[in-house]
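Peer 1: Need coordinates for the following:
(2 chains)
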There are 2 protein chains.
Amino acid sequence: MEEDLNQSAKETTTYNMEAQENEVENDPESNSLHQPLIKRKQTLSSTPLAMVGAKVSHIESLDYEYLMGFIFFTGVNFILTMVAAVLCVCFAPTAAGPGIPEIKAYLNGVDTPNMFGATTLIVKIIGSIGAVSAGLDLGKEGPLVHIGSCIASLLGQGGPDNYRIKWCWLRYFNNDRDRRDLITCGASSGVCAAFKAPVGGVLFALEEVATWWRSALLWRTFFSTAVVVVVLRASMEFCNSGNCGLFGQGGLIMFDVSGVTVRYNVMDIIPVTVIGVIGGVLGSLYNYLLHKVLRLYNLINEKGKIYKLLLSLTVSLFTSACLYGLPFLASCTPCDSSNPEYACPTTGRAGNFKQFNCPTGYYNDLATLLLTTNDDAVRNIFSTNTPKEFHIFSLIIFFALYCILGLFTFGIAVPSGLFLPIILMGSAYGRILGIAMESYTNIDQGLYSVLGAASLMAGSMRMTVSLCVIFLELTNNLLLLPITMLVLLIAKTVGDCFNPSIYEIILDLKGLPFLDAHPEPWMRNITVGDLADAKPPVVTLNGIEKVGRIVDLLKNTTHNGFPVVDEEPPPVGFAIGATKLHGIILRGHLVLALKKKWFLQEKRRTEEWEVCEKFTSVDLAERQGNIEEVTVTKDEMDMNIDLHPLANRTPYTVMESMSVAKALVLFRQVGLRHLLIVPEYQAAGASPVVGILTRQDLRAHNILSAFPHLAKSKGREKGN
Amino acid sequence: MEEDLNQSAKETTTYNMEAQENEVENDPESNSLHQPLIKRKQTLSSTPLAMVGAKVSHIESLDYEYLMGFIFFTGVNFILTMVAAVLCVCFAPTAAGPGIPEIKAYLNGVDTPNMFGATTLIVKIIGSIGAVSAGLDLGKEGPLVHIGSCIASLLGQGGPDNYRIKWCWLRYFNNDRDRRDLITCGASSGVCAAFKAPVGGVLFALEEVATWWRSALLWRTFFSTAVVVVVLRASMEFCNSGNCGLFGQGGLIMFDVSGVTVRYNVMDIIPVTVIGVIGGVLGSLYNYLLHKVLRLYNLINEKGKIYKLLLSLTVSLFTSACLYGLPFLASCTPCDSSNPEYACPTTGRAGNFKQFNCPTGYYNDLATLLLTTNDDAVRNIFSTNTPKEFHIFSLIIFFALYCILGLFTFGIAVPSGLFLPIILMGSAYGRILGIAMESYTNIDQGLYSVLGAASLMAGSMRMTVSLCVIFLELTNNLLLLPITMLVLLIAKTVGDCFNPSIYEIILDLKGLPFLDAHPEPWMRNITVGDLADAKPPVVTLNGIEKVGRIVDLLKNTTHNGFPVVDEEPPPVGFAIGATKLHGIILRGHLVLALKKKWFLQEKRRTEEWEVCEKFTSVDLAERQGNIEEVTVTKDEMDMNIDLHPLANRTPYTVMESMSVAKALVLFRQVGLRHLLIVPEYQAAGASPVVGILTRQDLRAHNILSAFPHLAKSKGREKGN
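Peer 2: Predicted coordinates for the structure are as follows:
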């Protein structure tokens, strides 16, 4: 034994020299920013700690070098985090987080300001690189989705807001519907680029992101992901021939487990069900805890920019300390020379079996998982045919660490994705479960960790088809499909029993007025007339209106649409004239009319040629400016504006007796901003508009606060 | 050479005996009904025709045996076709064809009578087995989709129409929306069962079949396909252990090409584009020709049942003659012993390299493709690493034959799918192209035929994502994904330039009023008021109406919905009372009221308890019977009915100034049957309803025939 150790010590010395030589060479296989660092540590630490009989001075120098390594590691991570956080805090607060909830809200009809601008795009790209390289527990997937949407939006409008290219054909995209389509395509391209999963990207956009879907959109997103895949493949081909330095390693499939012959029989449904059920519970628990943490973070972040920054940096320090310190807790495992597939210990390249502080011939399994990039950690933990590689103790430490990091990293002010943290947690959970159930089934532990990751994703994000296809495309194993489907469905069903999906929770926390597809049951018991009565009376404009009144209205209200009502002369034989709903006019168009001085001395209807002379279709399509920018002289205040040509003559209307549930279906299905309520009772002299409904009026939360008795009946229904 | 032939003759004799012995054994590998037949022919014909020096009597006996084989082959096919056709013609005409267009129409809101009944289901199952076994050029895929939908519909309503189980919870499914959902799930399960493609099934339902889609439906279809896959896997496991006789061969992946290492580079985009473009052109040409053939067939089928039957039997005879006769045109190819992967010639089992009329050591490539099941033909033509197996001459004969059969088989009165015929054509086209372009690229010929099949499918059916996933799941090769996507997109784009998809053509031929997602551009130039003016005036009912008038209306009109209008007493100070739209009442509910004698002596509004006593919610949900079944006495004719409680109080309405385009969006997005038009001008005394729009009123074709000037402006727009 002693001889062996001496032998290994000798080898170590030799090895040290080799390693130092290696360090000088450009190593094409290390695809992580941490690689040189880790290698250095390995070099330093390759003299086994177990050799307690060695000289004290040696140990002291070792301690010193570990400390230096720690400082260097933490320092670099700290600086990288700082870059990301400073950019996000100072230049583009919307770039923090994944961006997926905001995209989802945008496609539902809620525009978050500055979400798709050029600054956001640049900050998101640099910030995401910084945050991922800093070793934080976050992914690049969410940011890539946001980056894709930003690019799509910028391309569609011809460039950043102030430097737009004014090409003629670009105006075809200058409407809400095409903008939505472009952003959907961008989002699916982002998922495709993140996971190299073209079909998964399309389905993600369909299942999670989009509110309105139609066949043409399916085709378009599919086209954009096809282009992404072709470009990816072309650049990989270019890079694989050595033109890109450290980049360009890896194929189109990321965590390839296609080599595994999947043998499972009907009895394996039981462990698969167990994975799914526990995954669903853990996923919803994660949602619950993350909700609490995010509310806490909101309180901290509200205090000011400096607090935001400090929070991010604290998390970075904590992460670095854990990543560096925890592997010392793991014991060294001797290499298994019977498995020639994997070199052991791996030094100088990414892969399993990291040596870290162990003697030659031994590896530190926790270092394999922690001292590497997140992507490599997933690849290592997914690796099949390595049943003895990870000790359950190490896996539990890993799982616990990433649970904590996953909860506390997401809310900090850097671009961050949710996919990878959940995959990391889930894969560890799956592998632990695999070890625990080892005696019952013969499913490979690597597959267990794939299934664990899938179950936690479904339990937290509540997607099914898109996750299934993404996992299929990630792992390249079609035979896994049936069990993956089962796990996803079970986990989603279990999760749905406890709380809504993580994106819905975030949407709610951000206060975005997202309209759900389904009306609540109690919405059938209240009519839109009741809603209109509870609101302040509707403000209508006459077909030919005084300039002064319009300026007044625009300054004193925040409404975005005003019904335009005409008073008709009484028909022959009738005493009272009737009123007629002409249409609805948008705030932007009123501001435009004021800006362009579309004023008339007399009260008269205008001719078509007058309108065409004054306004072009491009003018009307533009989002118009602020009322504050408009100056109207006192004389002009008494003049008239003919609103008839500028109004939308055919707004969608509902009768006041319509239930809120049906109005909501109309509002969401047709994609409206304003819904006019017309009276049921067609009496002469009555106003033709009873009220106007907007998205905010139809939100369950707002209705319940105006009508508390509905909340009670809702409670009673639940109680029954 | 002569020695060789003698040698082979000797071997043949020995072989003959062996083969006869084999015939007695139960051969587990032959999974086709034709197998024993083919084997017999092979045995008979294994003495090579080339041996012209043999005895004349031998030749005569050979000729006799070929003739007997032909008669047997044709006869069996004839009987099988007859069974299928007689069932379809006499018992369930709706079971003929694929059924997918009708399902698509149902999910759009058009119910074809007897489409989902028990008789249809049984005829479809038996008929499909008959038609596929008869060797006709048709697939089981379309019928499986229809079978899935039938089962779903029957389960949802608790059994066939006359023998329903009246379980209490079944009534939860007794509404149009859940019925639609169930049928969608059934359709996706059908595709899943046909192609063993769970995700492909979901996407097929989404892309091709469904009109309204929501997230919950995605989840439900996914669940049903997951169950299908698990059941499939369990039964395959059971059968693979030899419990099912001839059944149970084959894995979860049908045409496995996962063994092929796909190596292609960016330059391969050129041949891939060529495949896509030609595939698109061929696909749309196929659509065009099939349209002509189906119109011809419609003329024949209209003449009577016997013509329908004769047509089917003629096609069967022609198919059998071609399948049996054409292989004699192909020359025999010597086996390539350097490829040990494939036994050559294959005898006594399915596979490549059929011997048929060739000497031992030779095979007949055309027999390999024609004298086998359609599934095996596809498998053979998809087979990779067999670059020299098929001679281009044989492939051209095969392609030409299946083009003819594909055009003339589809319209006959048997259950038939379109997928397999198109795959057969496309795979032959792809392989021909592969041989033609052999010198330019190094893509395998098997892959060419996969891509050719994909391109023809996309060119004819115009699906993209679902086809992509189905092909992925069929071929189990993820690396093919990028080029498959490209081929599909190019073929679809090219095809769209020429004509609509094949299903749309069939829908149009069947005269089903399918509502498209997008309004035509000229629909913006016409208002719903114009439409209402062109129709006969709307028939309204009073809130409390005479029984006589209702009976009259129901007997003399075919309307399904009637607006209910109330006349209110004039308010104080007004001369004339106003009218008020109360709601809309369905024909079914009027008939129900007559049946239940919901009559009042006096003109009064009823109380809620009276209504609840008379009608249960189950009554109102049932589809009600015919007016002819109702008997009303003369006394009762003078009584009144209070329609208020039975009417839908909140119908969706549009103003008469609304453009048809916007009304169509509302109609389709919300899924309506009736849309009420209310007047813009709210004068006293005017009717509160201007008109009522139904699906037929909003169809482009019907509007154009009522307003021919729109057709002209449409033409002019196109001309510009």
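Peer 1: Look up which helix or strand A:Ile677 falls in, please.
Peer 2: Assignment of secondary structure by DSSP states H and E places A:Ile677 within strand A:675-678.
Peer 1: what mean pLDDT does that strand have?
Peer 2: Strand A:675-678 comes out with an average pLDDT of 88.
Peer 1: what does it contact?
Peer 2: A:528-529, A:532, A:563, A:581, A:584, A:651-656, A:658, A:663, A:666-667, A:688-694, B:678 (Cβ atoms under 8 Å, 6 or more residues apart in numbering or on different chains). Using the backbone N, CA and C atoms, a C-beta is placed for each residue, glycine as well.
Peer 1: Run through the stretch 351-500 of chain A and note the low-pLDDT ranges.
Peer 2: Within the stretch 351-500 of chain A, the stretches with pLDDT under 70 are A:351-352, A:386-387.
Peer 1: which parts of it sit against chain B?
Peer 2: Taking Cβ under 8 Å from any Cβ of the partner chain as the contact definition, the stretch 351-500 of chain A meets chain B at A:464-465, A:468-469, A:472-473, A:476, A:478-479, A:481-482, A:485-486, A:489, A:492.
Peer 1: now, which of those lie within helices?
Peer 2: Using DSSP state H, the members of these that fall within helices are A:Val465, A:Cys468, A:Val469, A:Leu472, A:Glu473, A:Leu481, A:Pro482, A:Met485, A:Leu486, A:Leu489, A:Lys492.
Peer 1: Output these in CSV; the columns should cover distance to B:Ala621 and neighbour count.
Peer 2: Listed next are these as CSV, based on distance: Cβ to Cβ, whole Å; neighbours: other Cβ atoms under 10 Å in any protein chain shown:
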residue, distance to B:Ala621, neighbour count
A:Val465, 31, 26
A:Cys468, 36, 26
A:Val469, 38, 27
A:Leu472, 41, 23
A:Glu473, 44, 22
A:Leu481, 39, 22
A:Pro482, 37, 24
A:Met485, 34, 28
A:Leu486, 34, 24
A:Leu489, 30, 20
A:Lys492, 30, 27
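Peer 1: Of these, which is the nearest to B:Met437?
Peer 2: A:Glu473 (29.0 Å; Cβ to Cβ).
Peer 1: Spatially nearest residue to the closest one (excluding sequence neighbours)?
Peer 2: A:Ala197 (3.6 Å; Cβ to Cβ, 6 or more residues apart in numbering or on different chains).
Peer 1: So that neighbour sits against A:Val191, correct?
Peer 2: Yes. Counting by Cβ atoms under 8 Å, A:Ala197 touches A:Val191, with 6.7 Å between them.
Peer 1: The two: who's more crowded?
Peer 2: The neighbour count for A:Ala197 versus A:Val191, taken as other Cβ atoms under 10 Å in any protein chain shown, is higher for A:Val191 (31 against 28).
Peer 1: Does the more buried one touch A:Ile470 like I think?
Peer 2: Yes. Using Cβ under 8 Å, A:Val191 is in contact with A:Ile470, at 7.4 Å.
Peer 1: For chain A, which segments count as strands?
Peer 2: With strands called from DSSP state E, chain A shows them at A:332-334, A:362-364, A:541-542, A:544-546, A:561-567, A:579-586, A:640-642, A:653-655, A:675-678, A:691-693.
Peer 1: As JSON lines, these with mean neighbour count and distance to B:Met236 would be great.
Peer 2: Below are the strands of chain A laid out as JSON lines (neighbours: other Cβ atoms under 10 Å in any protein chain shown; distance: least, Cβ to Cβ, whole Å):
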{"stretch": "strand A:332-334", "mean neighbour count": "17", "distance to B:Met236": "40"}
{"stretch": "strand A:362-364", "mean neighbour count": "25", "distance to B:Met236": "41"}
{"stretch": "strand A:541-542", "mean neighbour count": "19", "distance to B:Met236": "70"}
{"stretch": "strand A:544-546", "mean neighbour count": "18", "distance to B:Met236": "74"}
{"stretch": "strand A:561-567", "mean neighbour count": "22", "distance to B:Met236": "60"}
{"stretch": "strand A:579-586", "mean neighbour count": "22", "distance to B:Met236": "61"}
{"stretch": "strand A:640-642", "mean neighbour count": "21", "distance to B:Met236": "74"}
{"stretch": "strand A:653-655", "mean neighbour count": "25", "distance to B:Met236": "54"}
{"stretch": "strand A:675-678", "mean neighbour count": "24", "distance to B:Met236": "54"}
{"stretch": "strand A:691-693", "mean neighbour count": "24", "distance to B:Met236": "55"}
